[in-house]
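Asks: show me how the following folds:
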Amino acid sequence: MKVWSGVRGSHATHRTVERNVYLLIRGDQPHRSFVPAPSLCWRRGFTLVEMLVAMSLTLLMMAAVIGVFANVSESVAKRRASIEMSSQLRYARNLLQADLANHTCPAIPWVKPESNHGYIEIVEGPQCDFDPSIYLQDVNNDSFVDPVGPASNQVQLDLAISQLPGSTLNRLPGSNVAMDSQYVTDGGGLGDWDDVLMLTVRNDDKPFVGRVPASVPSNGAGFANWGSTEIESPLAEVVWFAVENPVEPSNARTFYFGEPGFRTVYRRVLLIAPQLDYGIEVNNQDLGPGVVRVLRNVNQDAVDEAISALLAFQDAYDLSVRLEWDPIAGFWLIKANTLGDLTKRENRFDHQHVAAGDPRNGARSRFPYRSVDDGRGVSGIVNIRHGADPAMRQVQDSDNPIAFDDTNISGRAAARGRGTVDTYELGDANQRGQRMGNRPFVFIDEDSQQRPTTRAIVNEDGQVVMFTNGMVPLSGDRRGEDVVLSNMLAFDIKVYDPGAPLLAEQPVNDTGRSVTYPGEVVAPGDPGWGLILRERLTNPGSGTSYQPIVSRGAYVDLGYYDLHGAFAARNTAVGGLPASTDPSLAPLLGDSPYAGLTQVKSGLGWPVANASGYAFQPYRTYDTWSTSYENNGKDDDGDAGTPVGGVDEGSDGFDNDGINGVDDAGERETAPPYEAALRGIQITLRGYELDSRQIREVNVKQTFVPK
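Replies: The predicted structure is shown next:
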């Protein structure tokens with residue numbers, strides 16, 4: 001007899017079951033076997049809940065691992081970004097430090113050309129750390145950023161989406177109310193940017209390298225086909241400057257600039273190589289070394305074309321050159337500079353600008369040969385005219401016929417002297433999309449006493465994308481060669497002023513009464529400096545035993561007091577300050593040489609009265625100056641028709657003004673803008689890394705005091 005278990009088992013199991021049944025029939029106890037009974041169903045698996053729990057735990061573990069890797073990756077990315085930015089800033093700092101350390105000219109005005117010292121020139125723009133950009137203004141104190149430009153063509157920085165780093169103040173510069181809640185930044189990370197450093201440098205250990213013409217025909221023709229080669233020179237004219245990304249109109253779309261508000265720092269190097277001799281001839285006479293181009297097709301009275309040819313040469317090659325009319329040859333010549341030539345402002349890089357009159361009618365570029373200036377009397381709508389190098393043919397497009405006259409260009413910032421003049425619209429009805437063969441010379445067709453130094457920024461396609469009063473970078477196929485740093489927040493140049501007062505606030509005690517000990521000390525570059533000074537001037541009796549001046553000596557912006565004065569005059573939320581010439585300021589400013597306006601005889605930085613009536617120089621200049629203006633046979637001050645006027649009256653051997661003796665300082669036709677010797681300089685480079693949102697800053701200092 002066989003009993004089946006219903007489930008297939010092993011043969012031994014079947015035999016055990018049969019034996020137990022047989023013993024039961026006999027009445028005997030069956031043998032107890034420890035072999036488990038066969039299962040009557042399939043083996044049990046995981047339930048759905050168990051599987052979900054297991055999957056959840058697995059996902060949690062994976063999420064934790066991913067989080068760890070994300071944190072590590074983010075940390076590595078930030079560290080890498082920090083290292084890259086620090087490396088770039090270190091490179092720029094070393095480059096700048098080397099240029100400053102190897103300057104050729106003593107920082108003392110009145111340099112003689114025969115001394116072959118070169119020059120140092122510093123231009124301080126209208127922006128500063130407490131007023132860093134024209135796009136961050138809240139003049140009417142309504143919590144909204146003010147639009148820039150005339151009503152017909154206004155632009156506005158959108159702080160609701162801007163990536164500019166902000167501050168904890170949550171206020172726009174000059175405002176005392178919180179900015180609108182839609183804004184994500186107040187742009188407080190920005191600083192001064194519109195300064196310019198120009199100087200001559202000698203570096204024998206690491207000579208400068210630059211492009212020069214490769215082959216020049218003896219007649220000097222065919223400029224566009226000369227080609228280029230590279231040479232070395234231990235001497236160079238070096239220019240450091242920055243350009244701020246503008247807010248472009250919606251119909252501009254040039255795509256040249258990056259995030260609005262950020263800045264790019266440039267360094268232009270022009271070799272000083274007067275020994276170059278290309279054997280150029282005029283009337284079978286060799287013009288000798290130094291002559292690099294003859295403008296055979298430019299008339300003497302076509303000054304705009306001559307300057308345009310000079311700009312074309314400077315864009316194509318890295319030589320320090322000047323424009324000179326040769327009466328013997330009967331042509332305009334472009335000649336390589338010596339250090340002695342560069343002591344004169346008119347021979348320096350990009351100082352050739354027409355002061356008044358139409359250059360096509362013979363108007364001359366004359367003293368003081370500005371490099372950066374906003375002019376005087378130009379505002380609102382202005383007319384822009386291009387001057388082109390006749391040797392550089394423009395490319396004519398069917399959609400954009402060539403037209404050099406562009407009218408009704410809105411001068412957005414001309415009235416306030418604020419950097420950007422206008423952004424250009426490519427391919428519009430006024431032929432602004434034309435492709436220029438080189439950066440054009442731009443002058444304003446206005447009857448103004450002093451014209452601005454308007455320049456065109458040109459993209460790699462030869463199209464004008466913006467007008468500015470400042471310096472401009474290389475264009476065309478050389479675009480980017482002069483870039484040092486991008487995504488910058490500040491490029492700030494300060495000079496050491498031994499008389500600059502450091503002010504301390506007057507704190508109050510728990511009961512609200514003023515105490516006699518000083519509080520936090522602020523320097524002239526800080527926004528609180530003007531507030532403390534204003535309190536002292538308006539309420540002098542509150543500090544009988546408290547003196548706000550705790551020390552003197554600081555690195556300052558040129559004309560630092562007037563920066564505070566003009567800022568206070570523009571912004572309704574800030575109380576006004578008296579003019580820097582007010583006698584009440586004498587005890588506070590003391591002998592500070594760089595507090596106020598430049599000397600009138602320099603011809604630089606004419607005071608411009610803003611809307612509130614405060615006389616302000618938008619651009620201030622420090623220059624080592626040249627003695628040549630006192631014995632060059634020209635009436636540089638234009639007073640030949642006056643009773644004490646004449647030519648070179650400061651060196652003619654006569655007591656022209658009848659006081660202080662023969663050829664005293666008062667008889668000079670010109671004067672350096674600041675006559676004090678420059679003791680030292682500090683340049684701040686502040687950068688921003690967009691991905692990691694990190695800010696890094698380096699300071700470069702150089703003393704000019706002889707050892």
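Asks: got a list of what Ser218 touches?
Replies: Gly279, Ile280, Glu281 (CB atoms under 8 Å, 6 or more residues apart in numbering). (C-beta placed from N, C-alpha, C; glycine too.)
Asks: actually Val247, sorry about that
Replies: Tyr135, Val148, Val155, Gln156, Leu157, Pro260, Gly261.
Asks: out of the residues you listed, which is nearest to Asn487?
Replies: Gly261 (10.4 Å; CB to CB).
Asks: tell me how far the closest one lies from Arg435.
Replies: 29 Å (CB to CB, to the nearest Å).
Asks: low-confidence stretches in the stretch 201-350 of the chain?
Replies: 251-253 (pLDDT under 70).
Asks: can you pull out the strands in it?
Replies: Using DSSP state E, counting those that start in this stretch, the strands found in the stretch 201-350 of the chain span residues 208-213, 228-233, 235-244, 263-271, 281-282, 285-286, 291-295, 321-326, 331-336.
Asks: for the stretch 351-500 of the chain, same thing?
Replies: So, for the stretch 351-500 of the chain - with DSSP E, counting those that start in this stretch - the strands run 381-387, 405-410, 420-423, 441-444, 455-458, 464-468, 483-504.
Asks: for the record, mean pLDDT for whichever helix or strand comes after the longest one?
Replies: On the C-terminal side of strand 483-504, the nearest following helix or strand under DSSP states H and E is strand 521-522. Taken as a whole, strand 521-522 carries a mean pLDDT of 88.
Asks: and strand 521-522, what does it pack onto?
Replies: strand 483-504, helix 527-538 (3 or more CB pairs under 8 Å, 6 or more residues apart in numbering; DSSP states H and E).
Asks: distance from the first one to the middle of the chain?
Replies: Which is strand 483-504. 12 Å (CA atoms, centre = their mean, to the nearest Å).
Asks: and it, which strands flank it?
Replies: Partners of strand 483-504 in the sheet, by DSSP bridges, are strand 263-271 (antiparallel), strand 521-522 (antiparallel), strand 549-556 (antiparallel), strand 680-689 (antiparallel).
Asks: mind saving the C-alpha coords of it as CSV?
Replies: The C-alpha trace of strand 483-504 is given here as CSV (Å, rounded to 0.1, in the frame of the first residue of the first chain):
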residue,chain,number,x,y,z
VAL,A,483,42.0,91.8,-22.1
VAL,A,484,43.5,91.1,-18.7
LEU,A,485,40.4,90.4,-16.5
SER,A,486,36.7,90.0,-17.1
ASN,A,487,33.7,89.9,-14.8
MET,A,488,35.3,92.6,-12.6
LEU,A,489,33.6,94.7,-10.0
ALA,A,490,36.2,97.4,-9.5
PHE,A,491,39.4,98.9,-11.1
ASP,A,492,40.2,101.8,-8.7
ILE,A,493,43.2,104.0,-8.8
LYS,A,494,44.0,106.1,-5.7
VAL,A,495,47.0,108.4,-5.0
TYR,A,496,48.6,108.9,-1.6
ASP,A,497,47.7,112.3,-0.1
PRO,A,498,49.7,113.1,3.1
GLY,A,499,47.2,115.8,4.1
ALA,A,500,43.9,113.8,3.6
PRO,A,501,42.0,113.9,6.9
LEU,A,502,40.8,110.7,8.5
LEU,A,503,37.6,111.4,10.3
ALA,A,504,36.0,109.7,13.2
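Asks: just the angle between it and strand 235-244, please?
Replies: Per axes from the mean of the first three to the mean of the last three CA atoms, to 10 degrees, the angle that strand 483-504 makes with strand 235-244 is 80 degrees.
Asks: identify each buried residue in strand 483-504, please.
Replies: 484-485, 487-497, 499-504 (16 or more other CB atoms under 10 Å).
Asks: got it, and the last one?
Replies: Of the residues in helix 527-538, those buried by neighbour count under the rule 16+ other CB under 10 Å are Pro527, Trp529, Gly530, Leu531, Ile532, Leu533, Arg534, Glu535, Arg536.
Asks: show me what contacts the closest residue to the last one other than its chain neighbours?
Replies: Excluding its sequence neighbours, the residue lying closest to Arg536 (CB to CB, 6 or more residues apart in numbering) is Pro548, at 5.1 Å. Applying CB under 8 Å, 6+ apart to Pro548 gives the contacts Pro501, Leu503, Ala504, Glu505, Gln506, Pro518, Ile532, Leu533, Arg536, Leu588.
Asks: and Pro548, what's its pLDDT?
Replies: Predicted confidence (pLDDT) for Pro548: 76.
Asks: what helices or strands is the host helix or strand of Ser87 leaning on?
Replies: Per DSSP H and E, Ser87 falls inside helix 48-101. When contacts are defined as 3+ CB pairs under 8 Å, 6+ apart, helix 48-101 packs onto strand 196-202, strand 235-244, strand 483-504, strand 680-689, strand 694-703.
Asks: for Pro217, which of those strands is the nearest?
Replies: strand 235-244 (26.9 Å).
Asks: tilt between the closest one and helix 48-101?
Replies: Going by the same axes, to 10 degrees, strand 235-244 makes 140 degrees with helix 48-101.
Asks: and strand 235-244, what does it pack onto?
Replies: helix 48-101, strand 196-202, strand 208-213, strand 263-271, strand 483-504.
Asks: report how many residues lie close to the residue nearest to Phe241 when sequence neighbours are not counted.
Replies: Excluding the flanking residues, the one nearest Phe241 by CB to CB, 6+ apart is Met471, at 4.1 Å. Neighbour count for Met471, taken as other CB atoms under 10 Å: 23.
Asks: my read: Met471 touches Ala456, true?
Replies: No. The pair formed by Met471 and Ala456 falls short of the contact definition of CB atoms under 8 Å, at 11.9 Å.
Asks: worst mean pLDDT among the helices and strands packed on strand 235-244?
Replies: helix 48-101 (a mean of 89).
Asks: and the next helix or strand along the chain from that helix, which strands flank it?
Replies: Remark: after helix 48-101, the chain's next helix or strand is strand 120-124, criterion DSSP H and E. Strand pairing for strand 120-124, using DSSP bridges, gives strand 196-202 (antiparallel), strand 620-623 (antiparallel).
Asks: contact partners of strand 120-124?
Replies: Outside strand 120-124, the residues touching it (CB under 8 Å, 6+ apart) are 103, 105, 107, 195-200, 345, 348, 371-372, 493, 495, 557-559, 619-624, 678, 681.
Asks: if you count surrounding residues, which of Gly261 and Arg435 has more?
Replies: Gly261 (25 against 17).
Asks: how about the closest residue to that one other than its chain neighbours, phi and psi?
Replies: Leaving aside its sequence neighbours, Gly261 sits nearest to Leu164 (CB to CB, 6+ apart; 4.8 Å). Phi and psi for Leu164, reported as degrees, to the nearest 10, are phi -60, psi 130.
Asks: was I right to think Ala160 contacts Ser181?
Replies: No. Applying CB under 8 Å, one finds Ala160 not in contact with Ser181, separated by 9.7 Å.
Asks: tell me which residue lies nearest the centroid of the protein.
Replies: Computing the C-alpha centroid of the chain and ranking residues by CA atoms, centre = their mean puts Ala242 first, at 2.1 Å.
Asks: skipping its backbone neighbours, what lies nearest it in space?
Replies: Phe491 (4.0 Å).
Asks: who does that neighbour bridge with?
Replies: Leu685.
Asks: touching, it and Val698? I think so.
Replies: No. Using CB under 8 Å, Phe491 is not in contact with Val698, being 11.3 Å away.
Asks: shared neighbours of these two, anything?
Replies: Joint contacts of Phe491 and Val698 (CB under 8 Å, 6+ apart) are Thr684, Leu685.
Asks: can I see the domain layout of this protein?
Replies: Domain assignment for the chain by automatic domain parsing gives 1-41, 45-118+493-625+671-707, 134-189, 193-481.
Asks: need those domains in CSV (columns: distance to Gly650).
Replies: Converted to CSV, the domains of the chain look like this (distance: least, CB to CB, whole Å):
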stretch, distance to Gly650
domain 1-41, 120
domain 45-118+493-625+671-707, 10
domain 134-189, 40
domain 193-481, 14
